[in-house]
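K.L.:
Any chance you can model this:
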Amino acid sequence: VVLGQGILLRFLVPKYFKESTVSLISYFFHAIVFILVGLAPTGDLMLLAVALLGIPSAVGEPAIKSIMSHCVDKDEQGSLQGVLGSVYVLAGVISPIFYSALFHYSISEEMRNSAPAPCPEGYVPSKEILQQENPCGGYPGTPFFVQGVVFLLALVLMEKGFRLVEEQAHKESIVTQTGDYESGGSMYEDGRVPVMTPTLRKRDDFTSEDT
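P.N.:
Next up is the predicted model:
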């Protein structure tokens, strides 16, 4: 987080990428990290995946908050931050419950019998589990796969949202330009704004009123 948000984000934005592009890249790396963690056969490989890909995945949150702050007026910034805080708190309550239940099911006796596997080195199951036919196995990476899919879905929705915001900003810029030309001309039928070109006059055409 320190390297991603403190150093890498300042280096990328706005010199090389827009905030929206950085947000999409971050969510892509988030998805890859969770999928690789779910596939990692050992703890060392899991930590390696998190260490290498966790840096670019950490740059998304500040960029997203910056984009959202630009979408509301100044007097609505407090409300926006309050809503974001409420969402974070709600996610912090629901996510552990959901993923803990999913992990418990993925290593249940039923799942271990359907996908038996040798116990990893250093893992000592409880006495109750050792008495079962397959003490190890199952699908312990399921919660990480699910989280990776969630990030991919969020990536698609975010890309569509950014596209809608850009289209709306483009429409508002056209409306603003139209208002600027209300006193000097009108829009074409296709919505284009006419260019107001000054008319050149000869020196002899000026009257005393012009001066």
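K.L.:
how many other residues sit next to Ser57?
P.N.:
Neighbour count of Ser57, defined by other CB atoms under 10 Å: 22. All C-beta spots, glycine's among them, are computed from the backbone N, C-alpha and C.
K.L.:
and the longest helix seen in the chain, how far from the chain's centre?
P.N.:
Across the chain, the longest stretch assigned as helix under DSSP state H is helix 142-180. Centroid separation between helix 142-180 and its chain, computed with CA atoms, centre = their mean, to the nearest Å, is 10 Å.
K.L.:
What is that helix packed up against?
P.N.:
Helices and strands touching helix 142-180, by 3 or more CB pairs under 8 Å, 6 or more residues apart in numbering; DSSP states H and E, are helix 19-39, helix 77-106.
K.L.:
run the last query once more with 10 Å
P.N.:
In terms of contacts (3 or more CB pairs under 10 Å, 6 or more residues apart in numbering; DSSP states H and E), helix 142-180 is packed against helix 19-39, helix 60-70, helix 77-106.
K.L.:
got the angle for the last one vs helix 60-70?
P.N.:
It stands for helix 77-106. Angle of helix 77-106 versus helix 60-70, following axes from the mean of the first three to the mean of the last three CA atoms, to 10 degrees, is 140 degrees.
K.L.:
Mind listing what's buried along the following helix or strand past helix 77-106?
P.N.:
Going down the chain from helix 77-106, the next helix or strand is helix 109-114, by DSSP states H and E. Within helix 109-114, the residues scored as buried using 16 or more other CB atoms under 10 Å are 111-112.
K.L.:
can you give me how far whichever helix or strand comes after helix 109-114 is from the chain middle?
P.N.:
Next helix or strand after helix 109-114 toward the C-terminus (DSSP H and E): helix 127-130. Centre-to-centre, helix 127-130 and its host chain are 42 Å apart (CA atoms, centre = their mean).
K.L.:
quick revisit: which one of the helices and strands packed on helix 142-180 lies closest to Ala51?
P.N.:
Comparing those by their distance to Ala51 (CB to CB), the top pick is helix 19-39, with 9.9 Å.
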